[in-house]
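Participant: Just to be clear, the model below is a prediction. Sequence and coordinates:
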Amino acid sequence: MPDPPGGRLTQAAESYASLRAGRGPNALLAQAVDLLDGRRGRALDVGAGPLNDAVHLLRSGFAVDAIDTDPHTVELAATLDEPGLTVARADVRTYAVAPEAYALVVAIHVFPFLSRADLRRAVPALAGGLAPGGLLCCTFLGEEDAWAGRRPRMSFLARAEVEALLAPLQEVVFSEQRYGGVDARDEPKRWHVHRCIFRRP
Ligand SMILES: C[S@@+](CC[C@H](N)C(=O)[O-])C[C@H]1O[C@@H](n2cnc3c(N)ncnc32)[C@H](O)[C@@H]1O
């Protein structure tokens, strides 16, 4: 694995952040930035991991708050010289989201790691962090994902369940994708992903 920008992470165990640092942003996040049509301000990246999306947000002109439970994320942030970036080791299930503070809230590939009960609390809390007209950009895994049935602590949702979670917001993008790809270690995996961009009215 190449070292991330700024140097080697010192934590012993590997994590998503340590495996994937130094890559480009998720295409859904880039689409959400374009949909904001030049509007900027603060963005919140939840489960920010390797900070690839946070760096794209900074380059696009946002001030970025990023949270993750993984200590690698904080360690990685310390190697970046980014005054517009604030990173905290924090759990989205207990994080106090600043109300109506964000033009964009990003949660890419993190909601599947929460239980349904936690999702029913966390998703509305994150939606409450959106300023009027702000966007929530997020993904969920579907019931046909290869991990469904094998990872009981994770959530695999039907489209209707995702729509119910996001109901107070207006749908801008909702695509459901099934495809063969790779996991964080580049091992083959069948994916079933709901890709969502929703707007606060
Ligand atoms: C698959 S990675 C995705 C990282 C990043 N969003 C991306 O797309 O590159 C999931 C991330 O969510 C973090 N995570 C999992 N549960 C979390 C929680 N309850 N609160 C905050 N972060 C969490 C993990 O540590 C990991 O960095």
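Facilitator: Everything's here; your move. Numbers count the residues shown, from 1 in each chain.

Participant: contacts, neighbours, all on C-alpha from now
Facilitator: Will do.

Participant: those strands in this protein, which residues are they?
Facilitator: Taking DSSP state E as the test, the strands found in the chain are 42-46, 63-68, 85-89, 102-107, 130-141, 170-182, 188-199.

Participant: residue contacts, Gly133?
Facilitator: Shown in contact with Gly133 (Cα atoms under 8 Å, 6 or more residues apart in numbering): Ala103, Arg199, Arg200, Pro201.

Participant: which helices and strands does the top helix by length along the chain pack with?
Facilitator: Criterion DSSP state H: the longest helix present in the chain is helix 116-127. In this structure, helix 116-127 makes packing contacts with helix 159-165, judged by 3 or more Cα pairs under 8 Å, 6 or more residues apart in numbering; DSSP states H and E.

Participant: before we move on, the earlier item: format the strands of the chain as a markdown table; extra columns: distance to Ala117.
Facilitator: Formatted as a markdown table, these follow (distance: least, Cα to Cα, whole Å):
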| stretch | distance to Ala117 |
| --- | --- |
| strand 42-46 | 18 |
| strand 63-68 | 19 |
| strand 85-89 | 22 |
| strand 102-107 | 17 |
| strand 130-141 | 15 |
| strand 170-182 | 22 |
| strand 188-199 | 19 |
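
Participant: ranking those by burial, who's on top?
Facilitator: With neighbours defined as mean count of other Cα atoms under 10 Å, those peak in mean count at strand 102-107, which reaches a mean of 26.

Participant: and that strand, which strands flank it?
Facilitator: strand 42-46 (parallel), strand 130-141 (parallel) (DSSP bridges).

Participant: out of those, which comes closest to Glu75?
Facilitator: strand 42-46 (16.1 Å; Cα to Cα).

Participant: The ligand contacts on the protein?
Facilitator: When proximity is defined as Cα under 6 Å from any ligand atom, the chain approaches the ligand at 16-17, 47-50, 68-70, 90-93, 108-110, 113.

Participant: out of those residues, which are inside helices?
Facilitator: Per DSSP H, the residues of the chain next to the ligand map to helices at Tyr16, Ala17.

Participant: Of the residues of the chain next to the ligand, grab the buried ones for ChimeraX.
Facilitator: Selecting only the buried entries of the residues of the chain next to the ligand in ChimeraX, with 16 or more other Cα atoms under 10 Å as the criterion:
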select :16,17,47,48,49,50,68,69,70,90,92,108,109,110,113
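
Participant: about what we covered before: now the longest helix of the chain: buried residues?
Facilitator: Arg116, Leu119, Ala122, Val123, Ala125, Leu126, Ala127.
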